[in-house]
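Enquirer: A structural model of the following input is requested.
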Amino acid sequence: MEPLASVRIKRWTRAEYDRLAAARYFNPEARLQLIQGEIVEMSPQGAAHATAIRRMTKVLETAFREGRDIRVQLPIALSDDSEPEPDVAVVVGALEDYETQHPSTAVLIGEVADSTLRFDQTRKSVMYAAAGIPEYWVLNLVDRTLEVYREPHAAGYATALRLGPGDLVSPLAAPGAQLRVADLLPRV
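Expert: Model prediction:
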């Protein structure tokens, strides 16, 4: 048996990933993201997942008005080795500010999680924290909760709150907004 030390794993850069996409190397139907140097294929979305993305988008649009753009499943150029496409991202500026390049940060990123729950709670959480995203939400469809991560540092988030459907949440970047967690969740 060959020792693992001799196995080399190719880590992709964002520039390489973007060149592959521009050359149409990937199937246009593939749902791919570059996460910490790895090209990750995401699961297909079920109806509840898709509904939750729309609900989160509509709720965040009420909290963030001028000076913020709500992006849905669009790339964020976080680092040289990560270009995720979060379910929802709130970025500074307007739509027109990103005609020639993807934003490199966000004031809030939200992921809707059912089949990808552990991945969103671990790998994506660490990636977003390392990039300095001040607030990361995981809308946990399995437990019907909203997980709110704040205070990013290199190894993850220092604080995590778990809110139920009856709770309210105020985004750090819109502290005057009081959003009902129930309004984010699909009705079951």
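Enquirer: excluding its backbone neighbours, what's nearest the residue at minimal distance from the centre of the chain?
Expert: In the chain, the C-alpha nearest the mean C-alpha coordinate belongs to Pro86, at 3.0 Å (CA atoms, centre = their mean). Distance criterion CB to CB, 6 or more residues apart in numbering; nearest residue to Pro86, sequence neighbours excluded, is Ile109 at 4.6 Å. Where you see a C-beta, it was placed from the backbone N, CA and C, and this is true even at glycine.
Enquirer: wait, is the one you found part of a strand?
Expert: Yes - under DSSP: H, G, I helix; E, B strand; the rest coil, Ile109 falls within a strand.
Enquirer: average pLDDT across the longest helix seen in the chain?
Expert: In the chain, assigned by DSSP state H, the helix with the most residues is helix 47-63. Averaging pLDDT along helix 47-63 yields 96.
Enquirer: using PDB, write out every CA atom in it.
Expert: Extracted in PDB, the C-alpha atoms of helix 47-63 (Å, rounded to 0.1, in the frame of the first residue of the first chain):
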ATOM      1  CA  ALA A  47     -39.100  22.800  -2.900                       C
ATOM      2  CA  ALA A  48     -38.700  23.700   0.800                       C
ATOM      3  CA  HIS A  49     -35.100  24.800   0.200                       C
ATOM      4  CA  ALA A  50     -36.100  26.900  -2.700                       C
ATOM      5  CA  THR A  51     -39.000  28.400  -0.800                       C
ATOM      6  CA  ALA A  52     -36.800  29.200   2.200                       C
ATOM      7  CA  ILE A  53     -34.300  31.100  -0.100                       C
ATOM      8  CA  ARG A  54     -37.100  33.200  -1.500                       C
ATOM      9  CA  ARG A  55     -38.600  33.800   2.000                       C
ATOM     10  CA  MET A  56     -35.100  34.900   3.400                       C
ATOM     11  CA  THR A  57     -34.600  37.200   0.400                       C
ATOM     12  CA  LYS A  58     -38.000  38.900   0.900                       C
ATOM     13  CA  VAL A  59     -37.400  39.300   4.600                       C
ATOM     14  CA  LEU A  60     -33.900  40.700   4.200                       C
ATOM     15  CA  GLU A  61     -35.200  43.200   1.500                       C
ATOM     16  CA  THR A  62     -37.400  44.700   4.200                       C
ATOM     17  CA  ALA A  63     -34.400  45.200   6.500                       C
END
